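Asks: Below is the sequence, then the predicted model.
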Amino acid sequence: DAGVTQSPTHLIKTRGQQVTLRCSPISGHKSVSWYQQVLGQGPQFIFQYYEKEERGRGNFPDRFSARQFPNYSSELNVNALLLGDSALYLCASTLRTVNTEAFFGQGTRLTVV
Amino acid sequence: QKEVEQDPGPLSVPEGAIVSLNCTYSNSAFQYFMWYRQYSRKGPELLMYTYSSGNKEDGRFTAQVDKSSKYISLFIRDSQPSDSATYLCAMCLGSSNTGKLIFGQGTTLQVKP
């Protein structure tokens, strides 16, 4: 079975631009969470979606938004990019809302210049 | 003060050594405790999770949770060079409607041949 897949793997954007990151969860998993990992730090929670509904939001500005589709895949959008948004963006897939066994994708490395 | 504290290391040990990795936390409501391994430029890989206090063993890995002290540990026996990675502890409430994971900063481990 395929694991969590994220696309793209790398991208470079300019300050002020907008970016969309994509995630496909493990087959049968209905919950997707997004995390931001800055170099040298642990991942920070951004959003969780379950059955297309937002179930949790971390301490991130409104420039960050997400959605989940009927097939449980998800997109993370970031508007008005800042240099500080440069990070590894991780998607985690779980069967249910409580993430006792969360499986992560390989991440999307975003560089803002 | 961070909710989860983890010594970033780096920790360097010879091959075959027993490794002890630790995290402390402040929120006594955490119910689930996880350990992830993250290789450079990859997503975190779930090693083990434990519910509440106690020990759990899986091969060369043993996880311990002491809720009275708000302290968790991961022991690696007979460490191998392939164990060289960053180890992240993570926790979640479990009983709420969201599965937000709180991560430590990560400890970088190097096992020398």
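Replies: Now that the structure is in, tell me what you want to look at.
Asks: Partner strands of the strand or helix carrying A:Ala92, with direction?
Replies: Secondary structure from DSSP states H and E places A:Ala92 in strand A:87-94. Paired neighbours of strand A:87-94 in the sheet (DSSP bridges): strand A:31-37 (antiparallel), strand A:103-104 (antiparallel), strand A:108-112 (antiparallel).
Asks: how much space between A:Pro8 and chain B?
Replies: Using C-beta to the nearest C-beta, to the nearest Å, one gets 14 Å for the distance from A:Pro8 to chain B. Bear in mind the C-beta positions are built from the backbone N, C-alpha and C, glycine included.
Asks: re earlier: to the chain's geometric centre, what's the distance from the strand holding A:Ala92?
Replies: In terms of C-alpha atoms, centre = their mean, to the nearest Å, the gap separating the centre of strand A:87-94 from the centre of its chain is 5 Å.
Asks: what comes up buried for it?
Replies: For strand A:87-94, burial by neighbour count (16 or more other C-beta atoms under 10 Å in any protein chain shown) applies to A:87-94.
Asks: Nearest spatial neighbour of the residue most central in space within chain A, chain-adjacent residues omitted?
Replies: Taking C-alpha atoms, centre = their mean, the centroid of chain A lies closest to A:Trp34, which sits 3.2 Å from it. Computed as C-beta to C-beta, 6 or more residues apart in numbering or on different chains, the closest residue to A:Trp34 that is not its neighbour in sequence is A:Ile46, at 4.3 Å.
Asks: What count of nearby residues applies to that neighbour?
Replies: Here the number of neighbours of A:Ile46 (other C-beta atoms under 10 Å in any protein chain shown) works out to 23.
Asks: Check whether it really touches A:Val78, as I assumed.
Replies: No. Taking C-beta atoms under 8 Å as the definition, A:Ile46 is not a contact partner of A:Val78, at 9.4 Å.
Asks: joint contacts of these two?
Replies: Counting by C-beta atoms under 8 Å, 6 or more residues apart in numbering or on different chains, the common neighbours of A:Ile46 and A:Val78 are A:Phe64.
Asks: hmm, back to that, what does the strand holding A:Ala92 contact?
Replies: Here strand A:87-94 makes contact (C-beta under 8 Å, 6+ apart) with A:4, A:6, A:21, A:23, A:25-26, A:29, A:31-39, A:43, A:74, A:76, A:99-105, A:107-110, B:43-44, B:99, B:101.
Asks: just the buried members of those residues?
Replies: A:4, A:6, A:21, A:23, A:25-26, A:29, A:31-37, A:43, A:74, A:76, A:99-100, A:102-105, A:107-110, B:43-44, B:99, B:101.
Asks: For A:Ser7, see how far away B:Ala90 is.
Replies: As judged by C-beta to C-beta, to the nearest Å, B:Ala90 and A:Ser7 stand 24 Å apart.
Asks: neighbour-wise, which of the two wins?
Replies: Taking other C-beta under 10 Å, B:Ala90 and A:Ser7 do not tie; B:Ala90 has more neighbours (26 against 13).
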